[in-house]
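>>> Just need the structure, nothing else, for what follows:
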Amino acid sequence: MRFAVQRGCGYYRDAVHGEVLDPGTNKISNEELSIGLLHGGQKWSPALIRMGAAMLGARGNDPKRLARLARLERSEVVVREIAKAGSITEPDNTLWSFLLRELPVRGSIPAGVLPHPTRFVAMTAMTREGRGVQSRWIRPEQETP
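This next block holds a predicted model:
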């Protein structure tokens, strides 16, 4: 989780404590980090799942690599569920449609186990354009000084 925050998931900064040295994406890619955060062997944590979802949607992720890692780590079900939420928020993002197409349906997650899909997005009710809900997938962003 600390790696995710260091890589730009500042939205979740308050969910982690302590320091850790990120070995860099050449040692642990964002794809590997996202699947590691979503792995079924992890202790159940909504914050962990939300960070995994954010890292799953990181710009520059290789969809083929994500699908391969999800299959290898038997994380297809959770990755597919997150991709469903992503495809609703960002219907034009080919990452989500690729994952939905490539990952087989291997069952479902009971309602209430994963965080609600709205927990993967930032939402506003008022914008410069006026009233109306605007949703944006939470993903790692480069911090600006």
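>>> Where does the prediction get shaky in the protein?
Scanning the chain for pLDDT under 70 picks out the ranges 125-130, 132-133, 142-145.
>>> Strands of that one, residue ranges please.
For the chain, applying DSSP state E gives strands covering 121-127, 130-137.
>>> I'd guessed residue 108 sits against residue 84; true?
No. With contacts counted by CB atoms under 8 Å, residue 108 stays clear of residue 84, the gap being 10.3 Å. C-beta here means a position set from N, CA and C on the backbone, and glycine is covered the same way.
>>> what's next to the lengthiest helix in the chain, contact-wise?
Longest helix in the chain, counting residues (DSSP state H): helix 76-89. Helix 76-89 is contacted from outside by 35, 38, 40, 49, 52-53, 56-57, 66-67, 70, 93, 95-97, 99-100, 103-109, 114, 117, 120-121, 135-137, using CB atoms under 8 Å, 6 or more residues apart in numbering.
>>> rerun at 7 Å
The contact list for helix 76-89, computed with CB atoms under 7 Å, 6 or more residues apart in numbering, reads 38, 53, 56-57, 70, 93, 96-97, 99-100, 103-104, 106-109, 114, 117, 120-121, 135, 137.
>>> And the residue nearest the centre of the chain, how close does it get to residue 19?
Ranked by distance to the mean C-alpha position of the chain (CA atoms, centre = their mean), the top residue is residue 53 at 1.5 Å. Going from residue 53 to residue 19 by CB to CB, to the nearest Å gives 24 Å.
>>> Residue 122 now?
The gap separating residue 122 from residue 19 is 26 Å, by CB to CB.
>>> These two - which one has more neighbours?
residue 122 (11 against 7; other CB atoms under 10 Å).
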